[in-house]
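Student: attaching a predicted model along with its sequence, questions to come.
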Amino acid sequence: MYLDKPMHDHTLLQAIARVNRPYENEAAEMVTPRGLVLDFVGIFDKLEKALAFDSEEINAIVKDLKLLKVLFKTKMEQKAPEYLGLIEQSFNDRDVDSLIEHFRDPERRKQFFKEYTEIEMLYEIISPDLFLRPYIDPYATLSSIYAVVRNAYARTVYVDRAFQKKTNALVQEHSGADDDADAIGWERPMLHTQIDLGDDRRLHVINLHMKSKIATSIAGQKIDNYTWRSVSAWAEGSFVSSMKRVGQALQVRMLIDDIMDTDGDAALIAVVGDFNATCDEVPVRAIIGPVQETGNPAHAPRIMIPCENNIPDSSRFSLYHLGKGEMIDHIIASRAFFRSFQHAEVHNEALPDESGAFRTDVKFPESDHAPVIAQFEI
């Protein structure tokens, strides 16, 4: 609410009380906890005179922005460090797995969600304000922690919901899973955008980061972040990680088919990102859709083509692990889009071995993945 003229007594109180009616939308899971009053005429500077009521009652209802800044600063300095300290490797897969394991306890999650929601509410009220500048980075990290934990444990998986429902239904149908079974979700939702190319043409770009091959943490099966209690527990964690990768690939393939159902087989589509899998592994092949796998030549127009195929074998790697190069980052194009393809490059000349002993993100801050570039003339 904007106050741009003098108001007094009941008229003022009635006006500012309106912002205390929160907007709630259960279907969209949206709640606005309280409103914000912007005073352009200085009423709040002399609020006790403007309202002929007891001053203690007024202060209990209306909070000055200065007080909210103090509260935000206190929470960021006293509450946030406990959670920020959980990030040790610049948010790599080990950090994600450690977060999921750390917040496996429901009460611990509940407390974190409560504290983060309070901090988030204060940030939304105060922003934009120069006061927030020193807190931008830690707040962003805290928000990322919240997103990982929320996506890992919330009943609703926060990705494109229409496709997530289809994936869940498909898994239920083919696995015979009962309603009480734990759902397998993934922490990194895919991103889908459309680029207007003019002449009634549009390019669909799908970005994804698939689950790594590091075994997913299993409750009670790890001595510490790096030590498993048994081989079978590690194998179970590796199985869950592989399920996540294939699930992400299935979600992408379903989106590709939906786009082609709408735009036709001539749809322009590019799938890009860190697949954590090579072209001969199931997750990537699920996205490519080779006819020899489906046994149906009618699907040939819907095959996706990896752009790195024109790069010599000796140079075709985006990750260097234990002295061996692996191509796990891809740019995959639909047949219609691939007609505009010119060439591809992988800038791996200075790529270090990511498995090197005692490597840390402090000593080796550069990415251990090489940039993959594809050029198209459209």
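Tutor: Perfect, I can see it now.
Student: where exactly do the helices run in the chain?
Tutor: 9-17, 47-50, 55-61, 65-78, 80-84, 93-102, 106-126, 136-153, 161-175, 231-263, 282-288, 291-294, 335-338 (DSSP state H).
Student: just give me the neighbour total for residue 264.
Tutor: 10 (other CB atoms under 10 Å). The way it works is simple: take the backbone N, C-alpha and C, and place the C-beta from them, glycine included.
Student: same check, this time on the one 3 residues further on
Tutor: The local packing of residue 267 (other CB under 10 Å) involves 21 other residues.
Student: what's the mean pLDDT across stretch 114-131?
Tutor: For stretch 114-131, the mean per-residue pLDDT is 82.
Student: do the same with stretch 333-347
Tutor: 94.
Student: for that stretch, C-alpha coordinates in PDB please.
Tutor: Extracted C-alpha coordinates of stretch 333-347, given in PDB (Å, rounded to 0.1, in the frame of the first residue of the first chain):
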ATOM      1  CA  ALA A 333      20.000 -31.400 -31.800                       C
ATOM      2  CA  SER A 334      16.800 -32.500 -33.500                       C
ATOM      3  CA  ARG A 335      17.100 -33.600 -37.100                       C
ATOM      4  CA  ALA A 336      15.500 -30.400 -38.300                       C
ATOM      5  CA  PHE A 337      17.800 -28.200 -36.300                       C
ATOM      6  CA  PHE A 338      20.900 -30.300 -37.200                       C
ATOM      7  CA  ARG A 339      20.400 -29.200 -40.800                       C
ATOM      8  CA  SER A 340      21.800 -25.800 -39.700                       C
ATOM      9  CA  PHE A 341      24.800 -27.400 -37.900                       C
ATOM     10  CA  GLN A 342      28.300 -26.100 -38.900                       C
ATOM     11  CA  HIS A 343      30.800 -27.600 -36.500                       C
ATOM     12  CA  ALA A 344      31.500 -28.400 -32.900                       C
ATOM     13  CA  GLU A 345      34.500 -27.900 -30.600                       C
ATOM     14  CA  VAL A 346      35.600 -29.100 -27.100                       C
ATOM     15  CA  HIS A 347      38.100 -26.800 -25.400                       C
END
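Student: starting at the chain centroid, how far to that stretch?
Tutor: Here the centre of stretch 333-347 is set off from its chain's centre by 27 Å, with CA atoms, centre = their mean, to the nearest Å.
Student: how far is stretch 88-106 from where the chain is centred?
Tutor: Centre-to-centre, stretch 88-106 and its host chain are 14 Å apart (CA atoms, centre = their mean).
Student: which residues sit against it?
Tutor: With CB atoms under 8 Å, 6 or more residues apart in numbering as the test, stretch 88-106 has contacts from 86-87, 108-109, 112, 141, 144-145, 148-149, 152-153, 187, 211-212, 214, 216-217, 219, 222, 225, 360-361.
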